[in-house]
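Asks: Provided below for reference: sequence and predicted model.
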Number of protein chains: 2
Amino acid sequence: MVESRVILALDLTGEDEIMSMARDLGKDLFAIKVSWAQTMIHGAGIIRRLSEHSKVICDFKLADIPKTNAQIAGIAAEHGAWGIITQAFAGTDSVKAVVEASDKLKVFAVVSMTHGGSSQYIDGHIEDMVRDSLSAGVYGFVAPGNKPETLARIRSISGPKKIISPGIGAQGGDPLTALRNGADYVIVGRAIYQSHDPLSVLKRMNRTVHDAQME
Amino acid sequence: MVESRVILALDLTGEDEIMSMARDLGKDLFAIKVSWAQTMIHGAGIIRRLSEHSKVICDFKLADIPKTNAQIAGIAAEHGAWGIITQAFAGTDSVKAVVEASDKLKVFAVVSMTHGGSSQYIDGHIEDMVRDSLSAGVYGFVAPGNKPETLARIRSISGPKKIISPGIGAQGGDPLTALRNGADYVIVGRAIYQSHDPLSVLKRMNRTVHDAQME
């Protein structure tokens, strides 16, 4: 089986729905992404339970001082997280604290976002944030799948690091465009979990991506 | 009794210690501030339990897209939070989503931070972030208590909005300097909860602040 390039943004809130989605789709996904909502409602134990079905990326958009960022990352790692998302904007010391919190955790730094507000402050610093995050030792980057030019620019300066891209589906991006512009993995939510047959949609997406790479 | 100007950063992790500190100090505090660590370990129910003893400010440093920021703020409000902290740098739409998530929640926007990394990206945008956060309808700001000049600058442009200031004690700031430079409330953690007699330390701090305001 070819490794999937799809990360499921599991933005549901009920534990039964969350866990049944993870059980049904886990082996056909690259990873599952959870946000704070799932962790608030169910506690960090949800990370461990999901990790039985898939790698889990904690999309926590950490933006705190180094000590607090490290504490949160450490708790995520203890609960079995595979990856964690941190905001480069908070500063290199804050990113570095996440990288150093656990050698088990893959750290992805956000260097641009999918919404309009990203252009106000964040996007003016993309080059510097990529360079500083590389020096902090991140595993990869989060770059917007619905902004192909920004994504391609980030790809061109981030060397061999992995790029994961949200903004696919409801926010306007499509998987193939994102992958062609430099994403290694696409983050898809509602287009999969709200569909009538999530597993078929996911398998079709995996196949489409695979075929496109063979072209 | 004079209203306290002290917010306790309750960065402990064991539920017994957290709750006994809240019970003992609650009525002599302005509010208790919790971070993600407490919420991850104990679930969002900890907010409700703490709110029986004091107003609770969720220091979540929200830095996500509007939809996700709003979802997190909504869950915090449902669990009895009085206030929430959000990152202005994520963009005005993201801040506005927090403000609109619940009319029960006081929203404080971070416009500068206490650590070194704040100077890399965030601090270059202070004026714009204050202006944009005001237009988004925030209740107040978070400004560094250990950087009196930055704090005073933020005070001078934020009108009558409330300013809460971390960085007191372990991070170098002192309460009176912060209050004199524009903070309305100071956020103190270890200097209180790690002391031999937290209630006495807090009461002394309340008295010192009160006396200084009478001068």
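Replies: Looks like it came in fine.

Asks: what's the spacing between the residue most central in space within chain A and A:Arg155?
Replies: Taking C-alpha atoms, centre = their mean, the centroid of chain A lies closest to A:Ile164, which sits 5.4 Å from it. Note on A:Ile164: its distance to A:Arg155, by C-beta to C-beta, to the nearest Å, is 12 Å. Bear in mind the C-beta positions are built from the backbone N, C-alpha and C, glycine included.

Asks: State the pLDDT value of A:Phe108.
Replies: Predicted confidence (pLDDT) for A:Phe108: 98.

Asks: pretty sure it belongs to a strand, no?
Replies: Yes: the assignment for A:Phe108 is a strand, going by DSSP: H, G, I helix; E, B strand; the rest coil.

Asks: ok, it - how many residues close by?
Replies: 27 (other C-beta atoms under 10 Å in any protein chain shown).

Asks: Mind listing the residues bridging to it?
Replies: Beta bridges link A:Phe108 to A:Ile85, A:Gly140, judged by DSSP bridges.

Asks: give the contact list for the residue nearest to A:Leu12 when sequence neighbours are not counted.
Replies: Spatial nearest neighbour of A:Leu12, excluding adjacent residues (C-beta to C-beta, 6 or more residues apart in numbering or on different chains): A:Ile18 at 5.1 Å. For A:Ile18, the contact set (C-beta atoms under 8 Å, 6 or more residues apart in numbering or on different chains) comprises A:10, A:12, A:38, A:42, A:46, A:50.

Asks: Check which helix or strand A:Ile18 maps to.
Replies: helix A:15-25 (DSSP states H and E).

Asks: that older thread, common neighbours of A:Ile164 and A:Arg155, please.
Replies: A:143, A:183.

Asks: In CSV: the contacts of A:Ile18, plus pLDDT, secondary structure and neighbour count.
Replies: Below are the contacts of A:Ile18 laid out as CSV (pLDDT from 0 to 100; DSSP: H, G, I helix; E, B strand; the rest coil; neighbours: other C-beta atoms under 10 Å in any protein chain shown):
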residue, pLDDT, secondary structure, neighbour count
A:Leu10, 96, coil, 27
A:Leu12, 95, coil, 20
A:Gln38, 97, helix, 24
A:His42, 95, helix, 20
A:Ile46, 97, helix, 22
A:Leu50, 98, helix, 27
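
Asks: quick check: angle from the lengthiest strand in chain A to helix A:15-25?
Replies: Ranked by residue count, the top strand of chain A under DSSP state E comes out as strand A:56-62. If you take axes from the mean of the first three to the mean of the last three C-alpha atoms, to 10 degrees, strand A:56-62 sits at 130 degrees to helix A:15-25.

Asks: how far out from the middle of the chain is the next helix-or-strand element following strand A:56-62?
Replies: As assigned by DSSP H and E, the chain's next helix or strand after strand A:56-62 is helix A:66-78. Counting by C-alpha atoms, centre = their mean, to the nearest Å, helix A:66-78 is centred 17 Å from the centre of its parent chain.

Asks: What of stretch A:177-197?
Replies: Worked out by C-alpha atoms, centre = their mean, stretch A:177-197 lies 11 Å from the chain centre.

Asks: One more: stretch A:194-203?
Replies: 20 Å.

Asks: ditto for stretch A:6-19
Replies: Stretch A:6-19 sits 14 Å away from the centroid of its parent chain (C-alpha atoms, centre = their mean).

Asks: Please save the CA atoms from it in CSV.
Replies: In CSV, the C-alpha atoms belonging to stretch A:6-19 read as follows (Å, rounded to 0.1, in the frame of the first residue of the first chain):
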residue,chain,number,x,y,z
VAL,A,6,-3.9,12.9,3.7
ILE,A,7,-4.2,14.2,7.2
LEU,A,8,-7.7,14.1,8.6
ALA,A,9,-8.7,17.3,10.5
LEU,A,10,-10.9,15.5,13.0
ASP,A,11,-12.9,18.5,14.2
LEU,A,12,-15.8,16.6,15.6
THR,A,13,-16.6,16.9,19.3
GLY,A,14,-18.5,13.7,20.4
GLU,A,15,-16.1,11.0,21.5
ASP,A,16,-18.1,8.2,19.8
GLU,A,17,-18.0,10.0,16.4
ILE,A,18,-14.3,10.8,16.8
MET,A,19,-13.3,7.3,17.7
